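**Student:** what's the 3D shape of this:
(chains A, B and C)
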Amino acid sequence: MRISELLNREVVTESGLRLGRVHDIRGELAGGRLRITGLCAGKLGVLERYGVGTQGSGGSSEPKVHGHPVIPWERVVRVGTQVVIRD
Amino acid sequence: MSVKNVLAVALGIMSAIGGFVDIGDLVFNTQAGAIFGFQLLWVVVIGVVGIIVYSEMCGRVSAVAKRPVFDLVRERTGFGAGLATLIASEIVNLMTCAAEIGGVAICFQLLSGLPYRLLIPLAVIGLAVCSWVLPFRWLERVFGYLGLGLLVFAVAAIKLHPDWGQVAHGFVPGSHSGGSLMVYLYFVVGLLGAAMTPYEVYFYSSGAVEDRWGLKELRLNQVTSIIGYVLGGFLSFALMIVAGALFLPLGISPQFLGTPALAAEHALGQLGLLLALVGILFAVGGAAIETSFAGGYNMAQFFGWRWGKRERPARASRFTLSWLAIFALALLLVMTGYDPVKLTEFSVIFSVVALPLTYLPILLIANDRAYMGSNVNGKLANVLGGLYFLLILVIAVVAIPLMLLTHGGQG
Amino acid sequence: MNKVIDVDIALSILDHQLVDGDGQNCGKVDDLEIAGLDTDSPEIVEIIVGGNAWRSRGLLGRLAARLSGDAVHVPWPEVDSVTSVVTLKRPAAELRLNRGDERWAALVGKVPGS
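**Tutor:** Alright, predicted model coming up:
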């Protein structure tokens, strides 16, 4: 699957609680590999889409993160037309 | 300051002055003067300050992030919004390029007497050859310095002995005698659009990267561009004052691009006419080159291609073909024989509509501490940038309705 | 690289500039291929550049994809570093990137001084 296909998918818990859409994917750069470690879901403010509010992280020499809470990948049950996570 | 620095600043200012005025300024300032006299001078001031605010931001972003603004649009706003911005800006670049080429062809016609239709392809070929052969800085210099022929309008404005009291009143918004409120507002929008052209900031910011500016060069260039734009703004005043002092009392409606040049002749004889035509030719020709390059830069920067005049044309072949394509398409557009004055009006009004898309990324990126570090926007830049952004949102919304309601300023 | 760095992929990598080992532009990160989505540790295995990479990027993307050729898949191990741009280890030509410039170079090269 491609990342563009994963982005914007609805995220729901096993019990059906809707958590919004995937607006970003948290990864970990280590040892020359990029592992996926979590999802950012929910509403993304208009300004945040434009990169404002990244709390000064990154810089021209480092990648950026939003300040949003991340759903750890271990909680993901399955990825179908929706992303289902454990309660 | 060393002699070398002073010289560099002086040269930079000169090329900025000569490069400030393009066909949009020529048409709108002259028509505004012919209808409303000096009453719209205050709008030019607002426009000049606006372009200074956003050029400063663009230059700062390019010098600090070492990448031009459009390069950052896609990573900031995403693929879809970035592509929409690209399409909108390419349409505007193309229309503006066509309008400028029409202006160049008309100058050739007035200078040579040869037919307009023949001169259009000659104009494009001449501009394309210059763009191909001359290095980046030389393009700016040559076209900028020779554009200084426009100074003849400043001389003409003084020689025409306008009522300077009335001129002074023009710097304060007040009445709109001579035309309806709608037509007045149409010209407010048009004059702002003519001053704050989108291609200008794209070209400026890509040029900063082409010239490998760092923070050191940035300071120098801020000074030259601010002084250059202010003095260039005086040229716009001159155009409006000349039209207000000469055309308005005589009831002349400047529907032809040659009319302003005739004003120079009236005030200063044959020499005045020649200087005016040469000045217009190079100011407008320089703008044609800037728009075609802005088009090339935007394409290449959206798709991530190699770009820049520094590169050998065949190495950055897609970039090269992009700016050549703008010239080719603009040529076709002008060859349709569509009235160049109308084409200019359309290009300015459409660029007003595209202005928010252009300026928003600049404002946001200039505020991004991650890219800008300590050079992020200060309070002044944000207040001015924000106010101007609100202004351009308003004019973007009313531009096309006003154009339709007033039949392009005819009332 | 011994450091472990957290990164938000859509914000910091997707749609960012790709730069090759010689410092030359060679496209944008148009998409990323994920492997192991059904495991506990999926990872990004490829950068997808150009061509029909845009087919899943919305309506305009699909239109753009129709007008282009095949995308290039760059294996993630080719990445040297991720800063505001994604820098690769090797030159673009070795990774089959910038073929577009090569394709058109013949045409542009016909003009003297290119």
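**Student:** what's the helix or strand for residue B:344?
**Tutor:** helix B:340-366 (DSSP states H and E).
**Student:** which helices and strands sit right next to that helix?
**Tutor:** When contacts are defined as 3 or more Cβ pairs under 8 Å, 6 or more residues apart in numbering or on different chains; DSSP states H and E, helix B:340-366 packs onto helix B:23-36, helix B:41-65, helix B:69-112, helix B:181-195, helix B:198-210, helix B:317-335, helix B:369-372, helix B:379-405. C-beta: built from backbone N, CA, C; applies to glycine.
**Student:** after the fifth one comes which helix or strand?
**Tutor:** In the C-terminal direction, the helix or strand that comes right after helix B:198-210 (DSSP H and E) is helix B:215-242.
**Student:** quick revisit: quick check: buried residues in the helix holding residue B:344?
**Tutor:** B:340-341, B:343-366 (16 or more other Cβ atoms under 10 Å in any protein chain shown).
**Student:** equivalent analysis for stretch B:204-215, please.
**Tutor:** Judged by neighbour count using 16+ other Cβ under 10 Å, the buried positions of stretch B:204-215 are B:204, B:205, B:206, B:207, B:208, B:209, B:210, B:211, B:213.
**Student:** over to stretch B:383-392?
**Tutor:** B:384, B:385, B:388, B:389, B:392.
**Student:** cool, and stretch A:6-21?
**Tutor:** Within stretch A:6-21, the residues that count as buried by 16+ other Cβ under 10 Å are A:6, A:7, A:9, A:11, A:12, A:21.
**Student:** that stretch vs chain C: in contact?
**Tutor:** Yes. Against chain C, stretch A:6-21 shows contacts by Cβ under 8 Å from any Cβ of the partner chain at A:6, A:7.
**Student:** how about that stretch as CSV, C-alpha atoms only?
**Tutor:** C-alpha atoms of stretch A:6-21 as CSV (Å, rounded to 0.1, in the frame of the first residue of the first chain):
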residue,chain,number,x,y,z
LEU,A,6,-3.4,5.3,4.0
LEU,A,7,-3.8,9.1,4.5
ASN,A,8,-7.3,10.3,5.0
ARG,A,9,-8.7,6.9,6.0
GLU,A,10,-11.2,6.9,8.8
VAL,A,11,-9.9,5.7,12.1
VAL,A,12,-12.4,3.8,14.3
THR,A,13,-12.0,1.8,17.5
GLU,A,14,-13.2,-1.8,17.8
SER,A,15,-16.3,-0.6,19.6
GLY,A,16,-17.1,1.8,16.8
LEU,A,17,-15.9,5.1,18.2
ARG,A,18,-14.8,7.4,15.4
LEU,A,19,-11.5,9.1,15.9
GLY,A,20,-11.3,11.1,12.7
ARG,A,21,-9.1,10.6,9.7
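**Student:** can that stretch be found next to chain B?
**Tutor:** No. Between stretch A:6-21 and chain B, judged by Cβ under 8 Å from any Cβ, nothing touches; the nearest distance is 9.8 Å.
**Student:** which regions of the chain sit below the pLDDT cut-off?
**Tutor:** Reading this off chain A. Chain A contains residues with pLDDT under 70 at A:43-68.
**Student:** hm, I was asking about chain B
**Tutor:** B:1, B:411.
**Student:** spell out which parts of it neighbour chain A.
**Tutor:** Residues of chain B that fall close to chain A, judged by Cβ under 8 Å from any Cβ: B:65-66, B:76-78, B:360-361, B:364-365, B:367-371, B:373.
**Student:** weed out the non-buried ones from the residues you listed.
**Tutor:** Applying 16+ other Cβ under 10 Å to the residues of chain B next to chain A flags B:65-66, B:76-78, B:360-361, B:364-365, B:367-371 as buried.
**Student:** as TSV, the buried residues of stretch A:6-21 with secondary structure would be great.
**Tutor:** Formatted as TSV, these follow (DSSP: H, G, I helix; E, B strand; the rest coil):
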residue	secondary structure
A:6	helix
A:7	coil
A:9	coil
A:11	strand
A:12	strand
A:21	strand
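**Student:** please enumerate the strands of chain C.
**Tutor:** Here chain C has its strands, by DSSP state E, at C:5-8, C:17-19, C:25-28, C:31-35, C:43-49, C:72-75, C:79-82, C:86-88.
**Student:** of those, flag the one that's most buried.
**Tutor:** Ranked by mean neighbour count, those are led by strand C:25-28 with a mean of 28 (mean count of other Cβ atoms under 10 Å in any protein chain shown).
**Student:** just to revisit the earlier point, figure out which of the strands of chain C is closest to chain B.
**Tutor:** Minimum separation from chain B across the strands of chain C (Cβ to the nearest Cβ) falls at strand C:25-28, 3.7 Å.
**Student:** for that closest one, which strands pair with it and how are they oriented?
**Tutor:** Using DSSP bridges, strand C:25-28 pairs in its sheet with strand C:17-19 (antiparallel).
**Student:** list the contacts of the partner strand.
**Tutor:** Strand C:17-19 has contacts (Cβ atoms under 8 Å, 6 or more residues apart in numbering or on different chains) with B:67, B:71, B:75, B:304, C:25-29, C:47, C:49, C:74, C:84-88, C:97.
**Student:** try 7 Å
**Tutor:** Residues from elsewhere that reach strand C:17-19 (Cβ atoms under 7 Å, 6 or more residues apart in numbering or on different chains): B:71, B:304, C:25, C:26, C:27, C:28, C:29, C:49, C:85, C:86, C:87, C:88.
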